[in-house]
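K.L.:
Next come a sequence and a model predicted from it.
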Amino acid sequence: NLFKLGSTPLPEYIKREPTEADAEMYQTIFARNEGAVVAPAAGLHFSREVMKRLEIRGVEMGYLTVHSGLGAFREIDVEDLTKHRMDSEDMSVDQTLVDMVNHAKDNGKQVCAVGTSTLRGIASAVSMGGHMKTYTGWTNKFIFPPYDFTVTTALVTGFHMPYSTMLMMVTAFGGYQLIMSAYEEAIANGYKFGAYGDAMLIID
C-alpha cells in the first residue's frame, strides 16, 4: 500500500518534512486515480464551494487523468530547448471529456485548463480543426515558445520556479512579456511561488 510505504511527496523546495495535514492538503478534491507522484498544484485552489459557485454560473467541468511525475520539476539545463527531454507520463482522455470540449469549441466557448499538467494533457490529445480526441497512453510532450494552442483558450496556473518546464509552458501560452510582467507584479507584492503558492488566470 502506497500510504504505508511512503509519505506525502512534497516538492524539494518545501524545506520541511511532510505532516499528517499534507496528506489532505496536498491533494485536489477531484483526484480519483492513484498513480501520480506529485499533485497538480493549480487544482489545489479549487474547493467544493468554489466548484459549486462555478457550476451555478454555468461552468461545465470535465476531467482527464495525468499521472504527474517528477520529470516536470527537473530544471532545464540546456540552451537549445529542443534538446530537453521530458520524462513520459501516463495519461488518459475519455469520450465524455472529448465531447464536452469539442461541443464548447463548436459553440465559441472558452476552454480553460487547470494546471500545466492538464494543459499538456490536452495538447497531447489534439485532433484536426482545434478539437480533442480520446487518448490513453504516454506523453513526454515538452511545450515551449512558440507554440500554437488550438484547444485551450484559458489557463489557471501557479507561479513556477525559474528554469522549469512549467514556466516554459506558461510563457508559451500567455506570451513572454505578459507572463514576465505578471511575475514582476507577484514578486513586488509578495505572492507565494510553488505548490502551496498563489495562482493566476490567463485568458486568451
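P.N.:
Structure's in. What do you need?
K.L.:
Point out where the protein drops to low pLDDT.
P.N.:
By pLDDT under 70, the low-scoring segments of the chain are 1-13, 22-23, 25-26, 33-39, 69-73.
K.L.:
What segments of it are strands?
P.N.:
Assigned by DSSP state E, the chain shows strands spanning 65-66, 89-93, 112-114, 135-139, 154-158, 199-203.
K.L.:
out of these, which comes closest to residue 82?
P.N.:
For residue 82, the closest of the strands of the chain is strand 135-139, at 17.0 Å, according to CB to CB. (C-beta placed from N, C-alpha, C; glycine too.)
K.L.:
ok, and for the closest one, which residues are buried?
P.N.:
Residues of strand 135-139 classed as buried under the neighbour-count rule (16 or more other CB atoms under 10 Å) are 135, 139.
K.L.:
Which neighbouring elements make contact with that strand?
P.N.:
With contacts defined as 3 or more CB pairs under 8 Å, 6 or more residues apart in numbering; DSSP states H and E, the secondary structure elements packing on strand 135-139 are strand 89-93.
K.L.:
Of the strands of the chain, which is nearest residue 175?
P.N.:
Across the strands of the chain (criterion: CB to CB), the nearest stretch is strand 199-203, sitting at 9.0 Å.
K.L.:
Which residues does the closest one contact?
P.N.:
Residues from elsewhere that reach strand 199-203, judged by CB atoms under 8 Å, 6 or more residues apart in numbering: 42, 45, 110, 112, 153-159, 170, 173-174, 178-179, 182, 186.
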